[in-house]
Structure formats: C-alpha cells, structure tokens
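Chemist: how does the following fold in three dimensions:
(one chain, ligands or ions: 1)
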Amino acid sequence: MIWSKDETLSRDELEKLQTKRLKETVARVYGAVPFYKKRFEELGLVPQDIKSIHDISKLPLTKKQDLRDNYPFGLFAVEQDAVVRIHSSSGTTGKPTVVGYTKSDMDVWNEVMARCYTMSGVNSEDTVHNAYGYGLFTGGLGLHDGAQTVGAAVVPSSGGFTSRQLLLMKDFGSTVLASTPSFALHLAEVALKEGYDIKKDFKLKCGIFGAEPTSEGLKEEVAKVWGVEYYEIYGMSEIIGPGVSNSCKEHNGLHIFEDHFYPEIIDSKTGEVLPYGEKGELVITSLTKQAFPIIRYRTGDITSLDQTPCRCGRTHVRMKSVMGRADDMLIVNGVNVFPSQVEHVLANVEEITLNYQIIADKKGYLDSLEIMVEVNDQMPMDSIGALENLKKKIQSELLNNLYINAKIKLVEPRSIERSMGKAVRVIDKRGK
Ligand SMILES: [Zn+2]
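Modeler: Residues are numbered from 1 along each chain as shown. From the prediction side, this is the model:
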C-alpha cells in the first residue's frame, strides 16, 4: 500500500509542484528571515530569479554553523504564537541548534512519517515498540506521532531499561521494532542471555531502523537475529526529523519525499552540483515548512541519488544508505558527536591541556566512547582522589553540554602520540 498519491506523481507533475513550492518558500524566507535576505542580496538574487525548480542551484547553501550563529530563533519564519513545537540538538554551551514547527509543519511531519510506516508495511493492526530516545531529539516523538497517524498502537519505551523493554515487547505482542540497529542487536543479546526464545516469544515482523551509519553486514545480522524485514529510515531535525526518506519493500534505496524535501548532491569541496548517480554530499531544501524553512542545507552525509523507476510504484528519487560523512562528525549510539564541540567543552576545564584523543569502539553491540586527556603540569598524578574528581567533572561537563556519555582516561602531560606534531584527534575502531 502507498499512503499518499503524491508519492506516485509523474516527474512532470512533481516538478510543477516543486517549482510552485520552491517559489513560495523562497518568497517566505526572503520576506521573513533577515539571514536569508542578506545571503540572497550578497549573490544579487531576488525571489523573482527563481522561475523553476531547476534554478535552485542559484540559491546559497546553508550550513549547521548558520543555525548555531542564529541561535535560538533567528532562522524562524513565523511569529512565536504560530510555533507549536520546538526541538533542539546538542551543542556546546549556549549554542545548540534549534528547530520549530507550526501546526501545519506537524501535519507534514506526521504525513511523511505515515508514508514511512506504510512503506514498511505497518498499519492499524500493528503494535510499534518505539525505542528511539524521547525528548529534545526528534527521533522518539517523530516515530511516535507517525505510528499514531497510521493507527498503530505505539509503546513509547524510549532507550535504556533493556530487560523491561523485552518483557513489554513480549507481553504486548509488539509487531514492529523502531530503534537504532545497534540497540536492536543489544536487545537481542540481552534476550538470549535472559533465556528468551526470540522466534517464539516475540511477534516482530519488521523493524524501522536508522539514526546511525550501518554496514550491510550489520543490517543482515539485525534482520536474522530478530527474524524481521529490515526497513531503513533517514532524517535529521534540521530538515524535519525522521521521515525525510525510507526504504520500500524493494530494498533498493530510500525514497526521499520530494514533494516536501528537494534533494541535490554536491561536491563537498567545491559546492558544485553533481549529476544523479554520482557520490557526494546530500543537500536538502524544505519545500513546505513554515516555522523553520531551510534552503539548500548541507547534511554532511555522503550518498548518491537514483531516479530510475522503482517497482513499488513510487516515483520519488531514491538515495543510497549513507556511506559516510563529509565532515568529521561521529555518530555514537545515535547521538551526533563533533570533535570540535568536545574540544570546546574540554577548553573550559582548567586542569587539563588540549591534547586529547577521542576513541570510538564497540562494547558488545553498543558503541563506546573514551576520551583520553592529558592533564597539565600542575596536576598531581599521584593523587587518586584529585584525578577521580577531575574525571567526574569532565564527564558531567560532556553529559550536560553535549549529551555524551564518555569514559575519561587521564594521562600524563605530553604522553598522547603526535603525528606531525599534532595529536590524532579521533580514532574510530568500530570498523565497517
Ligand atoms: Zn520503491
């Protein structure tokens, strides 16, 4: 089943709709968001220069830093009284990224999430066990509202409490698991340890997995251990949250809902637009958002696009699973971690130097994060109490500012290995 007829529009119809919506979006941000007006003027652009969707490449690109610079509501295009929801993602002190939604934006979000669920074969007969994190992140609530939109029963379990989650999944007869792939594997591992017979005790038929880069091998493992069909979901709060794209039953890529989100692929070094099929950085323009419209947002995700017809009947372009990042962002258990933000937090701790190393690894199926930090020359390395207090201090700073749960290892001054005089900042041991 296909949720909306807009998923099957001919390319001609779709382009007409995209053109109309792009013109409206450009006029709206030009009129209501000084940041965009200034950027347009710098390029000598006025809204009338955008005559069709193909003119989109004339518009300026927007970066994550632009969101931080306009904290909190500088990029909002509506008055405060029209906003019904605000989400925020982690950032250094005082500078998280903030996004807002009007009632009509919430309708769009529910609509695209309903499309994702329908694409994954989920309907009103299903019970969705939603283990994405609830709160300021868009994951939990996005999957939650979408499940209700298709009429499914949703169990808002959020993360953590693995044993209780398993008990509820079994007793409620949940048919759909929504979580990060690594949490799905962690759940399975604990289930086996606790003596569950996975195929007999649980009724899961499919899973909607996302929020972290996942190798084909890991996807197969998740599908096999749970005996489910693996559907992949993609999104980010800057665009809307989860629900930008989802894989269909053909499993040949993720359909991007092009009537709401216009995708391009660019060369991340030059900013030049690349033809479909070529690998590069995904850039997305929102076409219908009111509170927080976004023009040519650089997602940082590396992928490619495929416009050939899909056997499922949907005409929307498909993106490949994300192949990597254009920047140095790490994703640790679904949370985005930028080394520059970690550095910003460490810079506020007096007793250490800025020589540090971030080590991402796997502990069982979950990611683990260790940060090795050199203390300064004044720090007594023989005082266990002082070192423990310092560790706790750094840990709580990272947790409070970036929502990162990291193990801290304090080491002697000048002991972290340097390469060409600089410490290697990030070591990712998780492999592929
Ligand atoms: Zn399809």
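
Chemist: spell out which residues of the stretch 101-250 of the chain are next to the ion.
Modeler: Proximity of the stretch 101-250 of the chain to the ion is confined to 248, 250 under the rule C-beta under 5 Å from the ion. (Each C-beta comes from the backbone N, C-alpha and C, glycine too.)

Chemist: what is the burial count for whichever residue of the stretch 101-250 of the chain sits closest to the ion?
Modeler: With C-beta to the ion as the measure, the residue in the stretch 101-250 of the chain that lies nearest the ion is residue 248; the distance is 3.3 Å. Other residues lying near residue 248 total 25 when counted by other C-beta atoms under 10 Å.

Chemist: cool, residue 417 as well?
Modeler: Applying other C-beta under 10 Å, I find that residue 417 has 8 neighbouring residues.

Chemist: surely it meets residue 427?
Modeler: No - taking C-beta atoms under 8 Å as the contact criterion, residue 417 and residue 427 are not neighbours in contact, 10.2 Å apart.

Chemist: break this structure into its domains for me.
Modeler: Per automatic domain parsing, the structural domains of the chain span 1-326, 335-428.

Chemist: the last one: how far from the chain's middle?
Modeler: Offset of domain 335-428 from its chain centre (C-alpha atoms, centre = their mean, to the nearest Å): 24 Å.

Chemist: so where's the stretch 51-200 of the chain shaky on pLDDT?
Modeler: 90-94 (pLDDT under 70).

Chemist: quick one, strands of it?
Modeler: Counting by DSSP state E, counting those that start in this stretch, one finds strands in the stretch 51-200 of the chain at the ranges 83-89, 97-102, 127-130, 153-155, 176-179.

Chemist: switch those strands over to CSV; also include mean neighbour count.
Modeler: CSV is the format used below for the strands of the stretch 51-200 of the chain (neighbours: other C-beta atoms under 10 Å):
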stretch, mean neighbour count
strand 83-89, 18
strand 97-102, 23
strand 127-130, 24
strand 153-155, 19
strand 176-179, 28
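
Chemist: who wins for proximity to residue 169 among those strands?
Modeler: Of all the strands of the stretch 51-200 of the chain, strand 127-130 sits nearest to residue 169, with 5.0 Å by C-beta to C-beta.

Chemist: that closest one pairs with which strands, parallel or anti?
Modeler: Next to strand 127-130 in the sheet, as set by DSSP bridges, lie strand 153-155 (parallel), strand 176-179 (parallel).

Chemist: pretty sure the residue of the stretch 101-250 of the chain closest to the ion contacts residue 310?
Modeler: Yes - when contacts are counted by C-beta under 8 Å, residue 248 is listed as touching residue 310 (6.5 Å).

Chemist: just the buried positions in stretch 204-215, please.
Modeler: Residues of stretch 204-215 classed as buried by neighbour count (16 or more other C-beta atoms under 10 Å): 204, 205, 206, 207, 208, 209, 210, 211, 212, 213, 214.

Chemist: for the second one, what are its contacts?
Modeler: Put plainly, it is residue 205. Residues in contact with residue 205 (C-beta atoms under 8 Å, 6 or more residues apart in numbering) are 121, 126, 175, 176, 228, 229.

Chemist: of all the strands of the stretch 51-200 of the chain, which one is nearest residue 36?
Modeler: For the strands of the stretch 51-200 of the chain, distance to residue 36 was read as C-beta to C-beta. The smallest value, 15.4 Å, belongs to strand 97-102.

Chemist: so what strands line up beside the closest one?
Modeler: strand 83-89 (antiparallel).
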